[in-house]
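Engineer: quick one, fold the following:
(one chain, ligands or ions: 1)
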Amino acid sequence: PRSGKFITFEGGEGTGKTTQIARLADYLRAEGHDVITTREPGGAAGADSIRSLLVSGATDKWDPLSECLLLFAARREHLNKTIWPAITQGAWVLCDRFADSTFAYQGYGHNVPIPFIEQLYDAVVGDFAPDLTLMLDIDVEVGLGRANTRNADNASREDRFERMDLSFHERLRQGFLEIARNAPERCAVIDADHDPDIVSDIIRAMVNTRLLAA
Ligand code: TYD
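Structural biologist: Numbers count the residues shown, from 1 in each chain. Below is the predicted model of the structure:
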């Protein structure tokens, strides 16, 4: 059976991932592909329950290692119930965050040993990996400014991570960039400090050269 594609969007707070995922989904549907959009933590019933434990409350509510275990438990549900079935049916799955966020936030951000996260990845995700990871990169203060504006309009208060200090956000930005440097065949860094139309054009071109032209 024809296999679909798995594209992940990664980056710090306020990089505009949500807007860009919706735009790429529209574009790929217009090209005749079957597309689903999803996000982590979440994307399946059990994973959404875990999400609500993670995204609100005190910044020190979870020990970072517990946080990793919860994220990978959610990820396993998401893979089994949503991502793998869709890809098997030939759909393109566009996902707002995936395992690189655990390496960046819990690993680079909270100092959970990277080899421990790699072991979890092998056990939970195995050989599977995104066909393409778009790393949306923006200056930390610009990104947090955007995220704060969004939260002011939004009563849901999913801002536990956004409230962590500036040095945390700097570490995770550097983490994402290092992940991209170590896996250039999978990752593309996109400068997100442009008008959203320009960012969409860059993303479309990237998807065309990396996945559609192949
Ligand atoms: P998300 O809803 O994508 O937040 P945002 O819209 O601000 O990008 O993700 C929720 C939060 O969860 C986000 O602050 C990052 C955090 N997170 C981790 O710390 N590790 C992970 O593995 C994932 C998937 C998310």
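Engineer: okay, buried residues for the helix or strand bottoming out on mean pLDDT in the chain please.
Structural biologist: Ranked by mean pLDDT, DSSP states H and E, the weakest helix or strand in the chain is helix 140-152, scoring a mean of 84. Applying a neighbour-count criterion of 16 or more other CB atoms under 10 Å, one finds V140, G143, L144, R146, A147, N151 buried in helix 140-152. Yep, even glycine has a C-beta here, placed from its N, CA and C like the rest.
Engineer: so how many other residues sit close to W92?
Structural biologist: Using other CB atoms under 10 Å, W92 has 23 other residues around it.
Engineer: excluding sequence neighbours, find me the nearest residue to K81.
Structural biologist: Excluding the flanking residues, the one nearest K81 by CB to CB, 6 or more residues apart in numbering is A44, at 4.0 Å.
Engineer: my read: that neighbour touches P85, true?
Structural biologist: No - the criterion here is CB atoms under 8 Å, and A44 misses it with P85 at 10.3 Å.
Engineer: so between the two, which is more surrounded?
Structural biologist: When neighbours are counted by other CB under 10 Å, A44 and P85 differ, and A44 comes out ahead with 19 against 12.
Engineer: can you read off the backbone torsions of that one?
Structural biologist: In terms of degrees, to the nearest 10, the main-chain angles of A44 are phi -160, psi 160.
Engineer: same question, L94
Structural biologist: When read as degrees, to the nearest 10, the backbone of L94 gives phi -110, psi 120.
Engineer: tell me the bridge partners for it.
Structural biologist: Applying DSSP bridges to L94 yields these beta-bridge partners: I7, T37.
Engineer: just checking, it touches K5?
Structural biologist: No - using CB under 8 Å, L94 is not in contact with K5, being 9.0 Å away.
Engineer: just the helices in the chain please.
Structural biologist: Per DSSP state H, the chain carries helices over the ranges 17-30, 45-54, 64-78, 84-88, 99-101, 114-124, 140-152, 166-182, 196-207.
Engineer: for the protein, which spans come out with low pLDDT?
Structural biologist: 1-2, 153-157, 214 (pLDDT under 70).
Engineer: what residues does it put near the ligand?
Structural biologist: Among all residues of the chain, those adjacent to the ligand (criterion: CB under 6 Å from any ligand atom) are 13, 17, 39-41, 55, 71, 96-97, 101-102, 105-106, 147, 161.
Engineer: could you single out the nearest of those to H33?
Structural biologist: When these are ranked by distance to H33 (CB to CB), D96 comes first, at 18.0 Å.
Engineer: wait, what's in contact with the closest one?
Structural biologist: Applying CB atoms under 8 Å, 6 or more residues apart in numbering to D96 gives the contacts F9, K17, T18, I21, T37, T38, R39, E40.
Engineer: near the closest residue to it other than its chain neighbours, how many other residues are there?
Structural biologist: The shortest distance from D96 to any residue other than its chain neighbours is 3.7 Å, reached at R39 (CB to CB, 6+ apart). For R39, the count of nearby residues is 19 (other CB under 10 Å).
Engineer: quick one: R39 and L94 touch, right?
Structural biologist: No - under the criterion of CB under 8 Å, R39 is not in contact with L94, lying 9.4 Å apart.
Engineer: list the buried residues for stretch 40-60?
Structural biologist: Across stretch 40-60, burial judged by 16+ other CB under 10 Å covers E40, P41, G42, G43, A44, G46, A47, I50, R51, L54, V55.
Engineer: relative to A188, which of the helices of the chain is closest?
Structural biologist: Short answer: helix 196-207, nearest of the helices of the chain by CB to CB, at 5.1 Å.
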